[in-house]
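S.K.: Sequence first, predicted coordinates after that:
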Amino acid sequence: MPSKTREEIGRKFEDVIRLALERGFFTASSEIYGDAPAGFWDYGPLGVAMKRKFIELWRRELVKRDGMIEIDGAQILSKSVFKASGHLESFVDPIARCGRCKAIYRVDKLIEEKTGMHVPERLDLNEMKRIVEENGIRCPRCGGELTDYSHFNMMFRVGVGVAGADAYLRPETCQNIFIDFMRIYKTMRRKLPLAIAQYGKSFRNEISPRQGLLRMREFYQAEIEVFFNPSRANDFPKADALMDYELRLQPLGEEKPLGISCRDALAKGLVSSKLIAYYLALIQQFYEKAGIPREKIRLRQLGEDEKAFYAVEAWDLEVETSLGWIELVACNNRGSHDLGGHQEASGQEMEVLDGDQRVLPHVFELSMGVDRSLYCILENSLTAENGKAVLRLPPYLAPIDAVILPLLSRDPLTARAFEIYESLKADFDVEYDESGSIGRRYVRYDEIGVPLCITVDHQTIEDDSVTVRFRDSAHQIRVDLSDLRDLLSETLAYP
Ligand SMILES: [Zn+2]
């Protein structure tokens, strides 16, 4: 594939941002004020609708398909939680300050930007300092020398109550799942392996948030924590149906992803258990159904230096975009780190019976960044047709299902069209629009990915039929009103 020029890259990213701002997908938060901090975004009406449909697809393809259970936990958690989880000590980024202008930089990212060299964020600070000096990296703003290398904890601290007791906004949604595990396990009368899911907000005080939805300080995660008995991770019959499914696996040491079946990946020891192969397959299938072509997906194995501090085995699901490969889901085998840590710190028993064995469950997680997933889907769907933008979203992810358009802005066409809109709006996400020429309206709705345009004309008044235009082909057909609901349901159906 020919490499893209910088302008082309800018264009694709800028195109998505422009679409988002101009059409109401998302916008920078507090934008009317000059002191708006970076890294906070508001979803507009189209963004909310698309996010809701994305989460519904996640529920369908992961939570329901696998028989998981879902919780919705508090966002502010006690200090003890993060002491036990290791976040107070280890959830840190390496930073340095410019000796002259006092600007603060995240050192690993600065090195990456200036040299293209990948620096593990857990690398020793002295080692980072050495790389900075060897490569002559200086403050990008003023050219000053970097000093005061230190670690910065990325959790937002909050004061609870009048006394302002220390607590934190959760930096990942999964901690609720770990601390609630025993109660859920008992009340729901489940057995291992047990998967618990949660969709909600997390907060990280990023040092340099940027690139729109790709690095935010307040963001959505959809996380799944699978609790399992490590000695029975291969005793997992559910995986059998997916053994021939081809994973896009990029194990350590490989330059490119290999297309390899779950069966072969297990036989070659690339993936440590059937249970993990199965969940990697589920998450890859999910993104294929979200419209990302298979060849743009990879599951890249992380080395010791790249893994999160709690991970035993780690795969990142990444999607290729104009900005390079973007990590969307961290697939981590967290071992017994979480339940073990909370058991020790809280004194609460976390061991359960699995058949005749008493075990402290291990955890395999699929930790998804929702906002960045939406960005990748938007970028991948945004195409140009004869100089006009067409957003080719999978119909079940489109923010609006269909729009009802009177051919002309006059009665009886407008009254009839509005009636049709009224009859559909409770069951479908439909809109009504009578302003502008019909051609311009088609262009407007193609740009935001509406799969069907339904046009009401003079013939409608005579025989109760409408013209339906399909976004991707611009093909038009005549449909009886009595068949319209079926056509909508068919077009919007999940694969
Ligand atoms: Zn400076």
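M.R.: Looks like it arrived, so ask away.
S.K.: need the residues of this protein near the ion, please.
M.R.: Listed as neighbours of the ion in the chain under the rule Cβ under 5 Å from the ion: 98, 100-101, 103, 139, 141-142, 144. Yep, even glycine has a C-beta here, placed from its N, CA and C like the rest.
S.K.: Which residue is the nearest non-sequential neighbour of Asp166?
M.R.: Residue nearest to Asp166 in three dimensions, not counting chain neighbours: Lys79, with 4.6 Å by Cβ to Cβ, 6 or more residues apart in numbering.
S.K.: From the residues of the chain next to the ion, list the buried ones, please.
M.R.: Among the residues of the chain next to the ion, those scoring as buried are 98, 139, 144 (criterion: 16 or more other Cβ atoms under 10 Å).
S.K.: Where do the helices of the stretch 1-150 of the chain begin and end?
M.R.: Secondary structure of the stretch 1-150 of the chain (DSSP state H, counting those that start in this stretch): helices at 6-23, 45-58, 65-66, 79-85, 87-90, 107-115, 125-134.
S.K.: now those as JSON lines including mean neighbour count and mean pLDDT?
M.R.: Converted to JSON lines, the helices of the stretch 1-150 of the chain look like this (neighbours: other Cβ atoms under 10 Å; pLDDT from 0 to 100):
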{"stretch": "helix 6-23", "mean neighbour count": "15", "mean pLDDT": "80"}
{"stretch": "helix 45-58", "mean neighbour count": "19", "mean pLDDT": "98"}
{"stretch": "helix 65-66", "mean neighbour count": "14", "mean pLDDT": "96"}
{"stretch": "helix 79-85", "mean neighbour count": "19", "mean pLDDT": "94"}
{"stretch": "helix 87-90", "mean neighbour count": "16", "mean pLDDT": "90"}
{"stretch": "helix 107-115", "mean neighbour count": "18", "mean pLDDT": "91"}
{"stretch": "helix 125-134", "mean neighbour count": "14", "mean pLDDT": "93"}
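S.K.: so which of these gets nearest Leu339?
M.R.: Across the helices of the stretch 1-150 of the chain, Leu339 has its closest neighbour in helix 79-85 (10.2 Å, Cβ to Cβ).
S.K.: Which pLDDT does the model give the residue positioned nearest the centre of the chain?
M.R.: With distances taken as Cα atoms, centre = their mean, Val370 lies nearest the centre of the chain, 2.6 Å away. Here the pLDDT value assigned to Val370 is 98.
S.K.: mind checking how far stretch 301-321 is from the chain centre?
M.R.: Stretch 301-321 sits 16 Å away from the centroid of its parent chain (Cα atoms, centre = their mean, to the nearest Å).
S.K.: wait, Leu487 sits on Val468?
M.R.: Yes. Leu487 is within contact range of Val468, at 6.5 Å (criterion: Cβ atoms under 8 Å).
S.K.: Can you work out which residues contact both of these two?
M.R.: Applying Cβ atoms under 8 Å, 6 or more residues apart in numbering, one finds that Leu487 and Val468 are jointly contacted by 452, 479.
S.K.: returning to that earlier point: can you list the residues of the chain next to the ion in a markdown table and add pLDDT and distance to His337?
M.R.: Output for these, formatted as a markdown table (pLDDT from 0 to 100; distance: Cβ to Cβ, whole Å):
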| residue | pLDDT | distance to His337 |
| --- | --- | --- |
| Cys98 | 95 | 36 |
| Arg100 | 94 | 42 |
| Cys101 | 95 | 40 |
| Ala103 | 93 | 35 |
| Cys139 | 95 | 37 |
| Arg141 | 93 | 39 |
| Cys142 | 95 | 42 |
| Gly144 | 95 | 40 |
